[in-house]
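Peer 1: Just a sequence and a predicted model for now, questions to come.
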Amino acid sequence: MPRTTRNAKQLRLIAEKLRAKKASVNHGDHIFVFRNVRTNQVLYSLYPGLDQRHLKQLPFFGKKSKPAEIRADLWHPFCTVTFPSVEQGHDAFRKLQDFRKLHQASWDLHNPGWKVLPKKKLIQNIRDQKANSVADLAKALEMQGEEGGSQERRLENADTKREAFLAKQWEEIRELARQAEGPEFQKLEAEIAKLTSQIHAAGGNKTETRRIFQLMGPPKRRRRKMFWAQEMLKKRAEAEEKDLETERIREDTEVYREQFEQEARERQDRFAQQHNTPLEWVESSDREEEERWFAIWKDILAQQRQTIAKSRLKPSPAEQKVGRAMLAARRGITPEYIGFYETDPASQQKPSETDKLNEELLPQSLKQTEPFKLKGVEIQWVDLHDAEFAESWPAEVEHDTMLINSRKIPLPGQSQTQLPWLSRDEYNDKLRELYDKWEADSKIEARKLASGEGGDILPEPETKKGIAKYLPKVSNPFKRASAP
């Protein structure tokens, strides 16, 4: 195979790997920091990987001051920073880049003693940015915390401007849509047709054709804007219809929830009256049954958590809901109401379709971006002691260790290896099996207590006699050994 073909194939494979890495995370939610284990140089990335373009972050200030290529055996994960919003992640990325440039370009201001060092030693000192990168990260987060307060005040003042801008914009859209159905649109069509005929009559004259095309630009743009206005009004009507349907479903669900709670209270009252039992006992028995059921469910999760050791992987929300769904079904709660008993409905509100459409019309200066906040910022360190290079950290920032099994950096909240999680059907079968066993044991124990037999008594272990009681228990030496 020719060398050029082999190189092209390698580059194509590398490009596919990079695309897969970039698609695995949202661009800006995380900052992945890598460190050169030989020189302590630091590179920042917005996805869990490095390529040759990241070397542009490093300046050239002498021989061997900048590596020629990325070597996977030298560039290891250093830390991963997770942000609550993409905008905050991009802002921190820019700050870290600027701070690093200042360190490497203005080293003589803070370290005047380095001027007398040999050039080789000077280059080594300038390349070592491990401690500076930690201090820079702490400073960038501190600055974002200060900026968050001013951003909140600015957003409050921008609400009035945003409403005025949207009112004016929708008025212009309605006017354009009205013109698209009137004589103004017919005039534009006639003007465009006239200019098109002039192009054919020009007979290939480039100067005349160029002039006519320039005259045709404004009416064509005006016509496209009319079409766009009609499309926007159509989208707004559809968005308002969807919002009304969503509001109707929410109100109906709230009514169903109130009806179910009323039926549950009436059911408890009837049970208490039929069995001549205080209502408090009925409520307490329901709570005890729920606690026993959740204890079984938690035991299964605990068994699965043992397979991940100290990794950051968490069970998926779908798997976590299985136990609650089975409990709800057993107690008469239909699945569509389970969400109301897990979280507050107010916390599940999402932007309406009309709000999403209005967001498209707003300029960047008026868009309602989330203000910077330090609550939700998490830093995962390969070595937690590296955080001590910073003099102080904001109190809201959380620090944790990163689980790595290779030189590849793991995604936040995920593990490097595939774990043997149970499927939904296997989970349900296991849960039913445990519950049936617990229920059968409970009935047997109840019968024994009723007959006065008491619980099971374990047999006494056989007592060894003679010299055998001084000898340790020896396993079968002929049994085939197996790895634990």
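Peer 2: Happy to help now that I have it.

Peer 1: Spell out the secondary structure type for F34.
Peer 2: Secondary structure, DSSP: H, G, I helix; E, B strand; the rest coil: F34 is strand.

Peer 1: What residues sit buried inside stretch 75-85?
Peer 2: Neighbour counts over stretch 75-85 (16 or more other Cβ atoms under 10 Å) mark W75, H76, P77, F78, C79, T80, V81, T82, F83, P84, S85 as buried. Backbone N, C-alpha and C define where each C-beta goes, glycine included.

Peer 1: Quickly note the distance from the residue nearest to the last one when sequence neighbours are not counted to A202.
Peer 2: On the basis of Cβ to Cβ, 6 or more residues apart in numbering, the spatially nearest residue to S85 that is not a chain neighbour turns out to be E370, at 4.7 Å. Using Cβ to Cβ, to the nearest Å, one obtains 55 Å as the distance from E370 to A202.

Peer 1: Just checking, which helix or strand succeeds the helix or strand where E171 lies along the chain?
Peer 2: Using DSSP states H and E, E171 sits within helix 130-180. Per DSSP H and E, the first helix or strand lying C-terminal to helix 130-180 is helix 183-201.

Peer 1: so what does that next one touch, helix or strand wise?
Peer 2: Applying 3 or more Cβ pairs under 8 Å, 6 or more residues apart in numbering; DSSP states H and E, we find helix 183-201 packed against helix 206-274.

Peer 1: any weak-confidence spans in the stretch 301-450 of the chain?
Peer 2: Along the stretch 301-450 of the chain, the model assigns pLDDT under 70 to residues 301-350, 368, 404-424, 427, 446, 448-450.

Peer 1: again, only this time at 80
Peer 2: For the stretch 301-450 of the chain, applying pLDDT under 80 flags the ranges 301-351, 364-370, 403-432, 434-436, 438-450.

Peer 1: hmm, who's touching stretch 378-393?
Peer 2: Residues from elsewhere that reach stretch 378-393, judged by Cβ atoms under 8 Å, 6 or more residues apart in numbering: 76-82, 130-131, 134-135, 137-138, 141, 312, 397-402, 404, 412.

Peer 1: Equivalent analysis for stretch 142-161, please.
Peer 2: Surrounding stretch 142-161, the residues in contact under the criterion Cβ under 8 Å, 6+ apart are 88, 91-92, 95, 366, 368-369, 371-374, 394, 396.

Peer 1: which one of the residues you listed is nearest D436?
Peer 2: Checking the contacts of stretch 142-161 against D436 by Cβ to Cβ gives E396 as the nearest, at 46.9 Å.

Peer 1: What about that closest one, how many residues nearby?
Peer 2: Using other Cβ atoms under 10 Å, E396 has 12 neighbouring residues.

Peer 1: give me the element T80 is part of.
Peer 2: Here T80, judged by DSSP H and E, is contained in strand 75-82.

Peer 1: ok and that strand relative to helix 130-180, angle-wise?
Peer 2: Here the directions of strand 75-82 and helix 130-180 differ by 50 degrees (axes from the mean of the first three to the mean of the last three Cα atoms, to 10 degrees).

Peer 1: Show me what strand 75-82 is packed up against.
Peer 2: For strand 75-82, the packing partners by 3+ Cβ pairs under 8 Å, 6+ apart come out as strand 30-36, helix 130-180, strand 378-381.

Peer 1: Lowest average pLDDT across the ones you listed?
Peer 2: Comparing mean pLDDT across these, the weakest is helix 130-180, with a mean of 87.

Peer 1: Return the alpha-carbon coordinates of stretch 164-177 using CSV.
Peer 2: Only the C-alpha atoms of stretch 164-177 are listed here, as CSV (Å, rounded to 0.1, in the frame of the first residue of the first chain):
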residue,chain,number,x,y,z
ALA,A,164,-41.1,45.4,24.2
PHE,A,165,-38.8,44.0,21.6
LEU,A,166,-41.0,40.9,21.1
ALA,A,167,-44.2,43.0,20.9
LYS,A,168,-42.6,45.1,18.1
GLN,A,169,-41.2,42.1,16.3
TRP,A,170,-44.5,40.3,16.2
GLU,A,171,-46.3,43.4,15.0
GLU,A,172,-43.8,43.6,12.1
ILE,A,173,-44.3,39.9,11.3
ARG,A,174,-48.1,40.3,11.2
GLU,A,175,-47.7,43.3,8.8
LEU,A,176,-45.4,41.4,6.5
ALA,A,177,-47.8,38.4,6.5
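
Peer 1: quick one: contacts of it?
Peer 2: 225-226, 228-230, 232-233, 236, 358, 361-363, 366.

Peer 1: And these, which of them are buried?
Peer 2: Looks like the contacts of stretch 164-177 have M226, A229, Q230, M232, L233, R236, N358, L362, L366 buried, using 16+ other Cβ under 10 Å.

Peer 1: Could you dump the contacts of stretch 142-161 into TSV and include secondary structure and distance to G62?
Peer 2: Below are the contacts of stretch 142-161 laid out as TSV (DSSP: H, G, I helix; E, B strand; the rest coil; distance: Cβ to Cβ, whole Å):
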residue	secondary structure	distance to G62
Q88	helix	36
D91	helix	32
A92	helix	29
K95	helix	26
L366	helix	48
Q368	coil	48
T369	coil	42
P371	coil	43
F372	coil	38
K373	coil	42
L374	coil	38
P394	coil	36
E396	coil	41
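
Peer 1: Show me the two of the residues you listed that sit farthest apart.
Peer 2: Maximum distance among these (Cβ to Cβ): 29.2 Å, for L366 and P394.

Peer 1: that older thread, now the contacts of stretch 142-161 in a markdown table, with distance to E254?
Peer 2: A markdown table is the format used below for the contacts of stretch 142-161 (distance: Cβ to Cβ, whole Å):
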| residue | distance to E254 |
| --- | --- |
| Q88 | 35 |
| D91 | 40 |
| A92 | 41 |
| K95 | 45 |
| L366 | 34 |
| Q368 | 27 |
| T369 | 31 |
| P371 | 31 |
| F372 | 35 |
| K373 | 31 |
| L374 | 35 |
| P394 | 40 |
| E396 | 35 |
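
Peer 1: just curious, which of those residues is nearest to K101?
Peer 2: Among the contacts of stretch 142-161, and counting by Cβ to Cβ, the member closest to K101 is K95, at 10.9 Å.
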